[in-house]
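**Q** Quick one, fold the following:
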Amino acid sequence: MAGIYLHIPFCKQACHYCNFHFSTSLRLKADLLEAVRREIVLRRHYLGQAPRIESVYLGGGTPSLLTEAELMTLFEQLDTTFTLASDAEITLEANPDDLGPQKVDALRRSPVNRLSIGLQSFSEEDLRYFNRAHTADEAVRCLQRVQDAGFEDLTVDLIYGAPTTGDAQWAANVQQVLDLGIPHLSCYALTVEPRTALAHLIEKGKARPVDDEQSARQFELLMDWMSAAGYEHYEISNFARPGHRARHNSSYWLGLPYLGLGPSAHSFDGQSRQWNVSHNPRYIKSLKAAEQWAGLEHELWEREMLTPVRRYNEYVLTRLRTAWGCTAEELKALGEGFWAHFRREAMPFLQNGLVSEQEGVYRLSRRGTLLADRIASDSFVDEPEYMTSSNAAEDRPGKQPGCFRF
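**A** Numbers count the residues shown, from 1 in each chain. Next comes the predicted model:
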């Protein structure tokens, strides 16, 4: 299974919390889309000679800003260059204010069969705090509109832990999604990222700060509500009705290969990760006259080969977040030393109930999900020590505090 991600780096306005790569100017949109089409051709063999593409994800930014014609040129290039599975999951991120009747009709005519809608909240106060472009009324109407148009595979984003989101409002947000029968929900604690508008506003005393205790409480409430509603909590931030797990995002957590296209997009081939420059003009200029992808290294993209230690650390970090968990079989495949290390470091968490083990599968408990990053980092291996250890050749890592971030 292989997937393709396309980054569309344009937005109507900047959300206060966002630290993704985007531009609020659409001046370079046509040139950038042409560059993306060129990148598709240049990178057609990244996933192998004839890869079968099981999922395509258009993220950003705001892909719903693209016109029907612009979307179709991208899909036509993908279809010409790759072999798309007949049942491929094709997801497009969309904002409620873009999903008017004409846009929804155009999307129904396109290959898109799954929408990821960035609602964030049904509260006007929340939306103003986030600096979202849509209103609470638009949030409800767009969901009804896409369902009436025949879109059944939908996911909605909600944010909890904002100073404007009391427990009652959080309950109302989740209940609205449940009442509308949305089959998939992604929920994220509001995080104040450095160099964002929200960080600046909080620093200047112009916005209320985030309360970590509120975030933890609302996450626990969320787990209760979604379990009672019959949703599977299959990844820390994601809940799905049976048969509605996100196939594309699941491939990330399962360590499957994917190709990232567009500025700032990341790719993974199983052995290395590479990422494109986060600069629209530079991305466009580099691709205009490009004859081959390899010649653009350092100018347009960078790559990191994954050491055994990094592969192990990434595996632990991503898989502990999921219902699949970390398995003894897969840990042994990474190296017997890694398996011995993980088993040793997991023991305290097994004893205090933060991690459970059943038939060789290690998963976070409910309490453990609140401490997922700490549990994962305590199970990491420190690369410098491992590489200089006398046991390095035998693939037997030693205990070191975690310092890895993914």
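**Q** Phi first, then psi, for Gly166.
**A** phi -70, psi 170 (degrees, to the nearest 10).
**Q** That one: neighbouring residues, count only.
**A** 15 (other CB atoms under 10 Å). Bear in mind the C-beta positions are built from the backbone N, C-alpha and C, glycine included.
**Q** what about it, distance to Leu107?
**A** For Gly166, the distance to Leu107 equals 34 Å [CB to CB, to the nearest Å].
**Q** now Ile40
**A** From Ile40 to Leu107 the distance is 21 Å (CB to CB).
**Q** same deal with Trp170?
**A** 30 Å.
**Q** what's the answer for Pro348, then?
**A** 49 Å.
**Q** Between those two, point out the one with more neighbours.
**A** Ranked by neighbour count (other CB under 10 Å), Pro348 and Leu107 place Leu107 first, with 22 against 12.
**Q** in a helix, that's where the more buried one is, yeah?
**A** Yes. Judged by DSSP: H, G, I helix; E, B strand; the rest coil, Leu107 forms part of a helix.
**Q** OK, contacts around it?
**A** Each residue near Leu107 by CB atoms under 8 Å, 6 or more residues apart in numbering is listed here: 71, 92, 94, 115, 149, 151.
**Q** List just the nearest of these to Ser264.
**A** Of all these, Ser264 sits closest to Leu92, with 17.9 Å by CB to CB.
**Q** correct me, but Phe130 touches Cys15?
**A** Yes. Using CB atoms under 8 Å, Phe130 is in contact with Cys15, at 5.5 Å.
**Q** Please enumerate the helices of the stretch 301-406 of the chain.
**A** In the stretch 301-406 of the chain, the helices defined using DSSP state H, counting those that start in this stretch lie at 308-319, 328-334, 336-351, 366-369, 372-378, 383-388.
**Q** contacts for the longest strand seen in the chain?
**A** Longest strand in the chain by number of residues (criterion: DSSP state E): strand 83-94. For strand 83-94, contacts defined as CB under 8 Å, 6+ apart pick out 50-64, 71, 78, 107, 111-118, 153, 155, 246-248.
**Q** repeat that for 6 Å
**A** 52-59, 63-64, 111-117, 247-248 (CB atoms under 6 Å, 6 or more residues apart in numbering).
**Q** In strands only, show me those.
**A** 52-59, 114-117.
**Q** List just the nearest of those to Ser186.
**A** Once CB to CB is applied, the member of the ones in strands among the contacts of strand 83-94 that ends up nearest Ser186 is Ser116, at 7.7 Å.
**Q** Let me see the ranges of the strands in the stretch 1-150 of the chain.
**A** Assigned by DSSP state E, counting those that start in this stretch, the strands in the stretch 1-150 of the chain fall at 2-8, 52-60, 83-94, 114-120.
**Q** got those as JSON lines, with mean neighbour count, distance to Leu190 and mean pLDDT columns?
**A** What follows is those, written out as JSON lines (neighbours: other CB atoms under 10 Å; distance: least, CB to CB, whole Å; pLDDT from 0 to 100):
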{"stretch": "strand 2-8", "mean neighbour count": "25", "distance to Leu190": "23", "mean pLDDT": "96"}
{"stretch": "strand 52-60", "mean neighbour count": "22", "distance to Leu190": "20", "mean pLDDT": "96"}
{"stretch": "strand 83-94", "mean neighbour count": "18", "distance to Leu190": "19", "mean pLDDT": "97"}
{"stretch": "strand 114-120", "mean neighbour count": "24", "distance to Leu190": "9", "mean pLDDT": "97"}
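**Q** To Glu220, which of these lies closest?
**A** Per CB to CB, nearest to Glu220 of those: strand 114-120, 20.1 Å.
**Q** and Leu158, helix, strand or coil?
**A** Strictly by three-state DSSP, Leu158 counts as strand.
**Q** pull the helix or strand with minimum mean pLDDT from this structure.
**A** helix 383-388 (a mean of 50; mean pLDDT, DSSP states H and E).
**Q** per-residue confidence at the residue nearest the centre of the chain?
**A** Nearest residue to the geometric centre of the chain (CA atoms, centre = their mean): Asn249, 6.3 Å. pLDDT recorded at Asn249 is 96.
**Q** Repeat that for Asn113.
**A** So Asn113 comes in at 98 (pLDDT).
**Q** check contacts around it.
**A** Contacts of Asn113 (CB under 6 Å, 6+ apart): Ile90.
**Q** Can you tell me the SS state at Ser227?
**A** Assignment for Ser227 (three-state DSSP): helix.
**Q** what about the helices in the stretch 51-200 of the chain?
**A** Going by DSSP H, counting those that start in this stretch, the stretch 51-200 of the chain shows helices at 68-81, 101-109, 124-130, 136-148, 167-179, 197-203.
**Q** Check which residues of the second one are buried.
**A** Of the residues in helix 101-109, those with enough neighbours to count as buried (16 or more other CB atoms under 10 Å) are 103-104, 106-107.
**Q** what's the farthest-apart pair in those?
**A** Val104 and Ala106, at 7.3 Å, using CB to CB across the buried residues of helix 101-109.
**Q** how does the protein divide into domains?
**A** For the chain, the structural domains run 2-252, 308-394, going by automatic domain parsing.
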